[in-house]
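**Q** Compute the structure for the input listed below.
(chains A, B, C and D)
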There are 4 protein chains.
Amino acid sequence: MAKLRWGMVGGGEGSQIGSAHRLGARIDGLFDFCAGALDHRPQQGRDYGQHLGLTEDRAYGSWQEMLEGERGRDDAIDLVTVATPNATHYAITKAFLDAGFHVLCEKPMTMTVEEARDIVKTSRETKRICAVNYGYTGYSLVRHMRAMVERGEVGKVRLVQAEFAHGHHADAEDADNPRVRWRYDPAQAGVSAQFADCGIHALHMVCFVTGQNVTSLSADCVSCIPSRVLEDDAMVNFRMDGGAVGRLWTSSIAIGRQHGLTIKVFGETGGLSWAQEQPNQLFYMPLNQRLQIIERGEAGLSPQADRTSRVTIGHAEGMPLAFANIYTDLAEAIMARKEGRPIDPAADLCPRAEDGLHSMEAIFAVAESGKHEGKWIELA
Amino acid sequence: MAKLRWGMVGGGEGSQIGSAHRLGARIDGLFDFCAGALDHRPQQGRDYGQHLGLTEDRAYGSWQEMLEGERGRDDAIDLVTVATPNATHYAITKAFLDAGFHVLCEKPMTMTVEEARDIVKTSRETKRICAVNYGYTGYSLVRHMRAMVERGEVGKVRLVQAEFAHGHHADAEDADNPRVRWRYDPAQAGVSAQFADCGIHALHMVCFVTGQNVTSLSADCVSCIPSRVLEDDAMVNFRMDGGAVGRLWTSSIAIGRQHGLTIKVFGETGGLSWAQEQPNQLFYMPLNQRLQIIERGEAGLSPQADRTSRVTIGHAEGMPLAFANIYTDLAEAIMARKEGRPIDPAADLCPRAEDGLHSMEAIFAVAESGKHEGKWIELA
Amino acid sequence: MAKLRWGMVGGGEGSQIGSAHRLGARIDGLFDFCAGALDHRPQQGRDYGQHLGLTEDRAYGSWQEMLEGERGRDDAIDLVTVATPNATHYAITKAFLDAGFHVLCEKPMTMTVEEARDIVKTSRETKRICAVNYGYTGYSLVRHMRAMVERGEVGKVRLVQAEFAHGHHADAEDADNPRVRWRYDPAQAGVSAQFADCGIHALHMVCFVTGQNVTSLSADCVSCIPSRVLEDDAMVNFRMDGGAVGRLWTSSIAIGRQHGLTIKVFGETGGLSWAQEQPNQLFYMPLNQRLQIIERGEAGLSPQADRTSRVTIGHAEGMPLAFANIYTDLAEAIMARKEGRPIDPAADLCPRAEDGLHSMEAIFAVAESGKHEGKWIELA
Amino acid sequence: MAKLRWGMVGGGEGSQIGSAHRLGARIDGLFDFCAGALDHRPQQGRDYGQHLGLTEDRAYGSWQEMLEGERGRDDAIDLVTVATPNATHYAITKAFLDAGFHVLCEKPMTMTVEEARDIVKTSRETKRICAVNYGYTGYSLVRHMRAMVERGEVGKVRLVQAEFAHGHHADAEDADNPRVRWRYDPAQAGVSAQFADCGIHALHMVCFVTGQNVTSLSADCVSCIPSRVLEDDAMVNFRMDGGAVGRLWTSSIAIGRQHGLTIKVFGETGGLSWAQEQPNQLFYMPLNQRLQIIERGEAGLSPQADRTSRVTIGHAEGMPLAFANIYTDLAEAIMARKEGRPIDPAADLCPRAEDGLHSMEAIFAVAESGKHEGKWIELA
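**A** Here you go, the predicted structure:
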């Protein structure tokens, strides 16, 4: 197993997402962590990179420095992860794509629809992969859910109900805490808070599982904590290009819920239900039969599920392995290119720039609809 | 314990709701079943009444006959339950109220808002009780949930999320079955199907638990089975007069769900969650603490909960006892009047004509909003 | 529906089991409560009987008085429930059987194996029904579990695992409370505390569901609160006459468990699992297939389940209805005799004196084994 | 972060436990996989080692070759994992300890008590770590459970109830399959099958969580599939040196259960409950309060829990991370020795040779008790 070389922009000391990426990239041993510009403060970035085992020459002080340094090398990185503040995703991602690198960008991919369109265009022109980190779609049973829908095991999808509703920003006393406040401030967060932060994970999962895209939507956005300009709770109704109707609820004030990402798919001949907090079971009811429990790792699942399942049935698998599956997808995509062979179709499921663009369109539509009493907005 | 005399219109042989009412009325032994006009076919009604133990003279052939027969008696019934087809609720309920009887009417109370207003007016003028059978509010822990909100144990309510989404009408093959079809036919069902049938239970529960009324709403109504004129799935967003925001999802095509009535309340200092299918537990999370499980029957609950709990903690209680609590509420209300004393405040929770009216307003608003792309509608 | 006449010994004011019996007997409207000797204090018994609606002449001061009073009447009671302290069950039950009455006796039926044998003999000689109140077997899905085993849907039963383990006597501070203390005092409770109180419910359910009897057992009995002479926790291993192996755990110090009655059956071709606290679902896994959830009230269950299910699928049913099923079984058994016809086999499931005897044999065997380091004891 | 060098004996191509170890060792990036003798067939072992990235000189053909090769190197491995068939654990582990290597041995550590004693002795004399892979104790909330017991949050432990009961060997048709059969054959498996395979995980967890050891036990061992010589189901009662009573059920014929490892601890002032299949929640009930749910990753847990938790609250973590925690414990233990400093006490939780010995004593006691009708056996 030849290893790929991997680098990272952002994700410095104390960053949760940074260590989650390093964990995800390491789990299957397919990537070597070779280069990084981990902090916007050059010296801290260099120090922390070396602390993590980077060689001195590849522990960079800035992403521009890293771009220059890697561009010239024979042993340049094969993939760069961009885990910087949202406002910088666009410039960094574009620059690395233009320089010929594959990129895994944190979500949201950009701050505007125009930027997102430009990333899609750049990715196509440069023929470089631009993946977006909707990590929850890496769960084995989410992959299987998609396979079941694709195989027609629930029939034509009529309705999808998704939630990403938690209670971690419910404390009004804590609302002025800078760690929380910026998220609800348009100057820093853009046009949407809770939908842009969590809702798009649920929305992407709906698209991923059904294989459909959103064509129009209507949103009811509210700020339950009155000092907030942006929404901390939103209900989004939508329609999809394959005929499905959608309902999506996202909240950060739902006290008593810890994470709250769930998805339910109702088709003409069956229903499916899955929750991130109990990810090793998928609930399935074929029409006029009984509810049955599909277990991760059971015999006879789809190749998509088998490929992303690591330990035997009955053992819990969790989020870090879902995350790792995004990296294994990318490893397969990159290796297939290197080896000039087609990608394993069961691995060709990693969210791409087009998905990032679709999310941006949805975010802006939600914000606009939310400002106009739930007016229905067509997506491009 | 003096018993009250009870009669019934509708609920004849084979009627599920009829036997559910007789069961509910019997459970606490507070009512004697004395009179009935159980079928629109006179002889069937008389026969079935006698089969159920009514004396020959009080097993009536029609509700008009019953009204005349009971009106003149010294031992006339104290309460009549109206469990006939929806379109007849108004005339029968009004006639019995006018004749001086207390009435428990099945939901929906009427077919129009105007009729509902007239029932409210009639009930007030005649000083007779007109109760409406939102039986799910009879559950002990639903009563406790209301008490907790009232006591301020979750703070000001910010958001309520309710569902009544099941999958029992999901089979397109079965859609032409007359038992199912009439529900989606405007000629028989009125302006709304699934919302009027199930959604208003959830909506009433939201009002019951929060002590607030709906002031405006926006609905997305869809017919997932295309041959249906009326909706089989609806999402309703709303605002309440105490400031709460609401989200209510109702469906009859959600394969894999059996009943699906749930309610979640999110306040400034706590969250609550309850489901009809697991009614003996109430999930409570005080802000910044842990999720805890309140058990029906535990020591130290509210008088409202204690009064409606019959067996010791750990034993399951179910729907028939919730139903019975509506009857015990009514028994207390009638006895208090007979005895010229105030009603026990912990028993004064039975839904009334005003609640039936509020539901009718909501049904028409949902239907109108649903026809106009989710336009927000003010309730009167 | 002709009603039967019903009387009660014990179950006076403040008695939980007394009101549970009245509730159970009332639910289906098959019994009229006509006679009672509700308290060992004559005047209290008479007063409370009249308060509950008995006529003055049938609100008796003692069970002997009641026996004499009812014996001579044309409208004598059809069934008497014995809900007195355990030590008096034998004498009262025997006297009523001898006088020609059918009896429903609370558990444990007697204090000794010899007394239990005598009750079986008396019941047979007098041809009177002596039922024993193992009320948990009245649950619809417990009936269905038995039917599935009988039909061979899990194959030959290999192993049964049952629990009745709760935490309500775990507080050492509360152990001297007279309400709790007597239960662990051999002078009052006999040879066993927790097994005789709760364990035998689980053991009877094992026998009921498998259709097998216990042939030998070994018990590990411990007093987790040292001041107790009798056990507050016991583990019982056993063998059954149909070849099944059994494991039964009962406890009263298992803090965090509210009720804790569960049963799991493992056969050659399937497994079943049911819990009293979630009684409307039965978990079933056919060998090499998936776990599926059987819902109370679903189409196509057994006649035994259908007969004992009252409300539609998805609605919770609870303990009082299970209890009521014992009474409906008895009503059918008594009516069938009156009408000289065979009993409906789906109703012929009420626990009898033989079951009461089997429990007594088990209690004494557990106590003996517990005293001799888990020595295996043969049951007669 | 200096990396440690790691090697492996056994765990060749197709081995599940082999890839689980490599995954666990890789997750935190603390070990480099440098050497291996992965197969008892020399060439296959060398090929697969190189396939996994080992250099040619360290992809050994046998463990003896590896021992010789590593012994002489400056960059010798710091830790060797022994994941070979059970009968070879003793010789390999002893040889590596004697040669000065730290060892992580798969369970069971040896085949006899005598061998286990010798490993303990060897480990002490050589001052090398001999860890045993009871990987389930690596779960963050299992660590926290132990910390809560240690801190006295449930008071003196009265009773522990543990299970490891699954249904994966329930198919009689499959019993002759060589993959299954050897497990129940004394010639290959030793004196015990299901208890030695799964039961000791549960038993070790009981010891780990309570901080107590087993002093005596009584076992009921049965072969539900008659062709099996060794047990496929066992119930073990035991006593512990801190006064706790224990109950442990293990089975491989419990159809409907996937994994089935659970542990419940009942103390004087509280109860705890945890299940491997839902590992991110720990159920806690303080005496006379409500059941509450402790979430992995919540604020304010113990250092033992914090150290072993990687992603934020609400995200599922699973078995591979538990496994990884065993490796991080070992990394800390080895680094502390290298650096001449005390080990972080929160990391000093890895099971050791003494635990392996205790398991062997329990296995032999269970087998002996099982042969003698549950006779109580004292452990040394």
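**Q** drop to CA atoms for contacts and neighbour counts, all remaining ones
**A** Noted.
**Q** who's in contact with the residue positioned nearest the centre of chain A?
**A** With distances taken as C-alpha atoms, centre = their mean, residue A:134 lies nearest the centre of chain A, 1.3 Å away. Contact partners of residue A:134, counting by C-alpha atoms under 8 Å, 6 or more residues apart in numbering or on different chains, are A:106-107, A:201, A:204, A:351.
**Q** Backbone dihedrals for it, please?
**A** Per-residue torsions, residue A:134: phi -90, psi 80 (degrees, to the nearest 10).
**Q** what do you get for residue A:279?
**A** According to degrees, to the nearest 10, residue A:279 has phi -80, psi -10.
**Q** roughly how far apart are it and chain C?
**A** 16 Å (C-alpha to the nearest C-alpha, to the nearest Å).
**Q** and what of residue A:233?
**A** On the measure of C-alpha to the nearest C-alpha, residue A:233 and chain C end up 30 Å apart.
**Q** wait, doesn't that residue sit right on residue A:226?
**A** No. Using C-alpha atoms under 8 Å, residue A:233 is not in contact with residue A:226; the gap is 11.8 Å.
**Q** of those two, who's got more company?
**A** residue A:233 (25 against 11; other C-alpha atoms under 10 Å in any protein chain shown).
**Q** Could you find the closest non-adjacent residue to that one?
**A** Taking C-alpha to C-alpha, 6 or more residues apart in numbering or on different chains as the measure, residue A:233 lies nearest to residue A:251, with 4.1 Å between them; neighbours along the chain are not counted.
**Q** how far away is the one you found from chain D?
**A** 14 Å.
**Q** which residues touch that residue?
**A** Residue A:251 sits next to A:164-167, A:194, A:232-234 when contact means C-alpha under 8 Å, 6+ apart.
**Q** please redo it, this time with the cut-off set to 10 Å
**A** A:163-170, A:193-195, A:198-199, A:221-224, A:231-235, A:257, A:260, B:159 (C-alpha atoms under 10 Å, 6 or more residues apart in numbering or on different chains).
**Q** next one: residue A:142
**A** A:136, A:148, A:205, A:208-209, A:263, A:273-276, A:279-282, A:296, A:304-305, A:322.
**Q** And what about the residue in the stretch 51-200 of chain A that chain C sits nearest to, helix, strand or coil?
**A** For the stretch 51-200 of chain A and chain C, the shortest gap (C-alpha to the nearest C-alpha) falls at residue A:141, measuring 15.1 Å. Three-state assignment for residue A:141 (DSSP: H, G, I helix; E, B strand; the rest coil): helix.
**Q** mind checking how far the residue of chain A positioned farthest from its centre is from residue A:374?
**A** Centroid-distance maximum for chain A: residue A:288 at 34.9 Å, with C-alpha atoms, centre = their mean. Applying C-alpha to C-alpha, to the nearest Å, the value for residue A:288 to residue A:374 is 36 Å.
**Q** sorry, back to before: quick one: the residue farthest from the centre of chain A and residue B:173 touch, right?
**A** No. Between residue A:288 and residue B:173 there is no contact under C-alpha atoms under 10 Å: 11.1 Å.
**Q** what sits opposite the residue nearest to residue A:233 in the beta ladder?
**A** Beta bridges link residue A:251 to residue A:165, residue A:233 when assigned by DSSP bridges.
**Q** Would you check how far apart it and residue A:232 are?
**A** Distance from residue A:251 to residue A:232, by C-alpha to C-alpha: 6 Å.
**Q** anything in contact with each of the two?
**A** A:165, A:167, A:169-170, A:193-195, A:221-224.
**Q** Among these, which are located in strands?
**A** Using DSSP state E, A:165, A:221-222 are the members of the shared contacts of residue A:251 and residue A:232 that sit in strands.
**Q** So which of the residues you listed is the closest to residue A:347?
**A** residue A:165 (29.3 Å; C-alpha to C-alpha).
**Q** That closest one against residue A:276, yeah?
**A** No. The criterion here is C-alpha under 10 Å, and residue A:165 misses it with residue A:276 at 11.7 Å.
**Q** higher neighbour count, those two?
**A** More crowded of residue A:165 and residue A:276, by other C-alpha under 10 Å: residue A:165, with 28 against 22.
**Q** Now do that one against residue A:257, distance only.
**A** Shown here: residue A:165 relative to residue A:257, a distance of 7 Å by C-alpha to C-alpha.
**Q** Then residue A:162?
**A** Distance of residue A:162 to residue A:257, given as C-alpha to C-alpha: 15 Å.
**Q** Over to residue A:365?
**A** Taking C-alpha to C-alpha, one finds residue A:365 at 27 Å from residue A:257.
**Q** Flag every buried residue along stretch A:104-119.
**A** Of all the residues in stretch A:104-119, those buried under the rule 16 or more other C-alpha atoms under 10 Å in any protein chain shown are A:104-113, A:115-119.
**Q** Tell me how far that stretch lies from the chain's centre.
**A** Here stretch A:104-119 is found 12 Å from its chain centre; the criterion is C-alpha atoms, centre = their mean, to the nearest Å.
**Q** Next: stretch A:264-276.
**A** Using C-alpha atoms, centre = their mean, the offset of stretch A:264-276 from its chain centre is 21 Å.
**Q** And stretch A:258-269, by the same measure?
**A** Worked out by C-alpha atoms, centre = their mean, stretch A:258-269 lies 17 Å from the chain centre.
**Q** Then stretch A:90-109?
**A** 15 Å.
**Q** before we move on, what about stretch A:145-152?
**A** With C-alpha atoms, centre = their mean, you get 20 Å for stretch A:145-152.
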